[in-house]
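S.K.: Predicted model, plus sequence, below.
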Amino acid sequence: MSSNPSHYAASSPWCVYKFGGSSVGTPGRLPRVLSLISEAQRPLAVVVSALGDTTDWLISAASAAARGDEAGSGAELAQVRSLARSIAGTVLESAVLTAHEKTVEQLLAPIERLLTGVELTRECTPATLDEVLSVGERISSELVARALTARGIPALAVDARTFLVTDETAGAARVDIEASRARLTPLVPGWEGKVPVITGFIARSHQGRTTTLGRNGSDYTATLLSWLLGARQVTVWTDVPGVMTADPALVGDAYPVPRMTYAEALELAHFGTRMFHPRTMIPLLESGAALHIRGTTEPDAPGTRIDAEGNPDPHRPTSVTSLERLALLHVESLRPTLNEPLGHRVLQALEAARITVWGGTLSALAPSISLVVPQAQAERAHAVLEEALRGERERREVRVPPPHAPVTLVTLVAESMGHRPNVAGRFFHALGNVGVNVRAILQGASSRSVSCAVDAEDTAVAVRTVHSAFNLNETEINVLLVGKGTVGGRLLAQLAENAKTLKARHGVALRLVGVVDSRRALFEPRGLPPAEVHARLADVSPGNASPPDVRPLLERLSRLSVPVLVDCTAADGLETLYAEAFRRGIHVVAANKKPLARPWKECESLHGLARAHFRTWHYETTVGASLPVIETLKNLVRTGDRVERIEGCFSGSLGAICHALMDGVPLSQAVRTARTNGYTEPHPRDDLSGLDVARKALILARELGLELELEDVAVEPLVPPEHLREEDPEAFLRTLGSLDADVSAQVARYRAAGRSLRYLAQILPNAPGGPRVKVGPVAVDAAHPATGLKGAEAMVSFFTERYREFPLIVRGAGAGGDVTAAGVLADILRLAQNVRGRR
Ligand SMILES: Nc1ncnc2c1ncn2[C@@H]1O[C@H](COP(=O)(O)OP(=O)(O)O)[C@@H](O)[C@H]1O
Ligand SMILES: N[C@@H](CC(=O)OP(=O)(O)O)C(=O)O
């Protein structure tokens, strides 16, 4: 090919349109294609791919035939025929349709005979496969040309084999541009006044065999044609509105990149963006023509323009791409070798064995080497390396461990790498933050990209993380809410109320993607409007399992960016769900105390699991609703203070009940009111038994590093234990009435003595004989700080080495759906701070 761009600089009035399989072969889209062609400027050449998945089906038909599977081969071919018919039926009528169907049969007949031959010989050579595949593009060019003609737009089906000349390499032929030009030139005058509809992907070798240019090769046909015709512009129409910041199938919030350079597009194609054939850019680099990528379904969207200049905006988006099914090979140096350096020998050996090396950390003088190769070639590559380094291995100078597979190469393509500070630093920092293990960093890649190899299972999270770190102004947090009772219900309301401000002021896009209650589950990865949740959930028919199994939803949640499981239940057994969440890379925010009160060892291993997966477990609201109790204690411990005593009224609900009792309200009435106000646990027995406060005391004690169990907490209930047996909350409230008189009398005696009833918790880490934790009712005197508490107020006093004389006191509303939900929301936002986006 010429290396002199000016020689072939685009100069003619020709325009080239290319329509991919998704545009011509998806039912309903062909009429749009036809109108785009009819509205385009002239002269126009159109390149088309095979309809939909035709090429895949033809490949399967050939493989089935080679296995001798006649029925399988026939079934694949039947799919080709059936799609061709159904699409034709949407744009052609009566006699024209009949004529077209006859043409399709004429095209398919020799292919069927070829496949019979493959069945008999049980062999499908690459050359035969190319012949089989070529029928896909030939069918679609015939169809589009006929459909245009039927609409009064003069058109002509053109088989690219009549002018595109290649070498003999089946499956990925190389084009002879001069020979092709010589064949095309005399054909062009015959296109005068007509739209030539040219087959993409296929060509003919010097020896006259049908060849193909490689998968996605129609884009390449289009740019080659533009070069040959001297066209200034090529438009590739596809099913996405341009080149996106990431594969939209992997990243839901990817968006179109308005402009990029040829080199950026080349890099994207090289590192896995399957929308381009890697050679597509070569003719454009030669001719200087611009390539437009546009969406057939959104023709008015600006799309992406690819040219020599690219995007001059320094804040332009960057694209992330991934290449899967790879393997990582290492040569580990055990001690310095005395022989020649290993790098070039390794590369030479791999090249001689025709192994593709995608990249790696390697230099001629490198003592240790990492290489990325296709997974399918990994075992062979390993054997080649072992053989090439046999001497060094025998002298124990190097080791060649077995390949590590599968891995994925994740690449950020940024033309501005050199102009923007710390691109590589941000790339690796973002991955580190979400616990993605970077297996190898690729050096030697161009200055416009940075790549690393990650485990295949981390592909989605790695691509999404890098994408949001570089391309999103907002940090998107995806929430799956379990429990929509008092706290969960208020959280839904607060999500709705605060979403706009959080986005605008703090760059946090909070998206609710799922809700689970005791009977039903709802999941919508594109987001659920919080205000509609109750109604949408009511429409879901309850499953067999009650409560529903949340684990399958975790799998879906884990594929979204910054996934968070929010537990607003007071249920038992959620710890297994948390473990599953951490393992899948999901954060947990919980108002539920029960998992934190599990046996110490179990709880510790759950914390360990979160750490091992770099996930957070926030639970500030488990003690004192949204009062900053746990964070304050963590800070005291972190900064080296020694806690001598923690004391307080941890329960807003018991606070409200005690306060009402002191005001003369009967016990049963006081409990009922606290429950109605959303202060108590679902079953108020958990409050009156002291169990709920005991759990809170245990949570704080464990924050101090005390290895205590729930049974170690000395608990004195507010009412005698024999009154706490009733399982049904309503019946329980009724039976409490029998205690009203006794309790009121007791309270009157306290009042007379100038004392107040409070439910106190005390943690004494340094008590003689070992740490002590106790909770129970106490008649405090007027000087006690708890005396002044009103309603559902809670209070925690920290007596420490630094706060000995004047304790650090946290005090305020300690119960209620609104404050607890606000605390949960604050915990979710704290998470967002660790995974900052682009701003
Ligand atoms: N960065 C990206 N931008 C846009 N599309 C991408 C990107 N990465 C992968 N794709 C995928 O490429 C597809 C378009 O390419 P392709 O399947 O070859 O389309 P066509 O059939 O039109 O030739 C999109 O539907 C999308 O799933
Ligand atoms: N039909 C060929 C060539 C091609 O480019 O198709 P599409 O434009 O639909 O990606 C293939 O599937 O590889």
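M.R.: Okay, I see it. Ligands and ions are numbered 1, 2, ... in the order given.
S.K.: low pLDDT regions in this protein?
M.R.: Under the criterion of pLDDT under 70, the regions of the chain flagged as low confidence span 1-10, 314-315, 336-340, 362-367, 416-421, 443-446, 473, 545, 834-839.
S.K.: Show me what from it comes close to ligand 1.
M.R.: 20-23, 49, 216, 238-240, 243-244, 246-249, 273-275, 319 (C-beta under 6 Å from any ligand atom). No exception for glycine: its C-beta is placed from N, CA and C like everyone else's.
S.K.: Among those residues, which ones are in strands?
M.R.: 238, 319 (DSSP state E).
S.K.: Can I have the buried ones of the residues of the chain next to ligand 1 as a ChimeraX selection?
M.R.: Here is the ChimeraX command that selects only those of those that count as buried (16 or more other C-beta atoms under 10 Å):
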select :20,21,22,23,49,216,238,239,240,243,244,246,247,273,275,319
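S.K.: Helix or strand next in line after the strand or helix carrying residue 468, which one?
M.R.: Taking DSSP states H and E as the definition, residue 468 sits inside helix 459-471. Past helix 459-471, heading to the C-terminal end, the next element that is a helix or strand (DSSP H and E) is strand 475-482.
S.K.: Backbone dihedrals for residue 271, both of them.
M.R.: phi -100, psi 20 (degrees, to the nearest 10).
S.K.: tell me the contacts of the closest residue to it other than its chain neighbours?
M.R.: Distances taken as C-beta to C-beta, 6 or more residues apart in numbering place residue 411 nearest to residue 271, at 4.0 Å, with adjacent residues excluded. Under the criterion of C-beta atoms under 8 Å, 6 or more residues apart in numbering, the contact partners of residue 411 comprise 267, 271, 272, 320, 321, 322, 323, 442, 445, 449, 450, 451.
S.K.: ok, back up a step: quick check: which of the residues of the chain next to ligand 1 are also close to ligand 2?
M.R.: Answer for the residues of the chain next to ligand 1 near ligand 2 (C-beta under 6 Å from any ligand atom): 20, 21, 49, 216.
S.K.: wait, which of these is closest to ligand 1?
M.R.: Nearest to ligand 1 out of those is residue 20 (C-beta to the nearest ligand atom; 2.1 Å).
S.K.: Is that closest one in contact with residue 236, as I believe?
M.R.: Yes: under the criterion of C-beta atoms under 8 Å, residue 20 lies in contact with residue 236, with a separation of 7.2 Å.
S.K.: which residues are in contact with both of the two?
M.R.: By C-beta under 8 Å, 6+ apart, residue 20 and residue 236 have these common neighbours: residue 219.
S.K.: so how far is the lengthiest helix in the chain from its chain's centroid?
M.R.: Longest helix in the chain by number of residues (criterion: DSSP state H): helix 94-121. Using C-alpha atoms, centre = their mean, to the nearest Å, the mean C-alpha position of helix 94-121 is found 43 Å from that of the whole chain.
S.K.: Show me what it packs onto, helices and strands only.
M.R.: Applying 3 or more C-beta pairs under 8 Å, 6 or more residues apart in numbering; DSSP states H and E, we find helix 94-121 packed against helix 54-66, helix 70-91, helix 126-150.
S.K.: So residue 799 lies in a strand, does it not?
M.R.: Yes: with the criterion set as DSSP: H, G, I helix; E, B strand; the rest coil, the secondary structure at residue 799 is a strand.
S.K.: what helix or strand does the nearest residue to it once chain neighbours are set aside sit in?
M.R.: With sequence-adjacent residues excluded and distances taken as C-beta to C-beta, 6+ apart, residue 799 is closest to residue 645, at 4.1 Å. Mapping residue 645 onto the secondary structure by DSSP H and E places it in strand 643-649.
S.K.: Please tell me how far that strand is from the chain's geometric centre.
M.R.: Between the mean C-alpha location of strand 643-649 and the chain-wide mean there is a distance of 44 Å, by C-alpha atoms, centre = their mean.
S.K.: Same check on stretch 68-88?
M.R.: Computed by C-alpha atoms, centre = their mean, the separation of stretch 68-88 from the middle of its chain amounts to 35 Å.
S.K.: Show me which residues of that stretch are buried.
M.R.: Of all the residues in stretch 68-88, those buried under the rule 16+ other C-beta under 10 Å are 69, 73, 76, 77, 79, 80, 81, 83, 84, 87, 88.
S.K.: List phi and psi for residue 193.
M.R.: Main-chain torsions, residue 193, degrees, to the nearest 10: phi 80, psi 0.
S.K.: ok, it - contacts?
M.R.: For residue 193, the residues meeting the contact criterion (C-beta under 8 Å, 6+ apart) are residue 154.
S.K.: Ok, residue 601 next?
M.R.: Not one residue lies near residue 601 by C-beta under 8 Å, 6+ apart.
S.K.: again, but for residue 696
M.R.: Residue 696 makes contact with 593, 622, 623, 624, 650, 651, 761, according to C-beta under 8 Å, 6+ apart.
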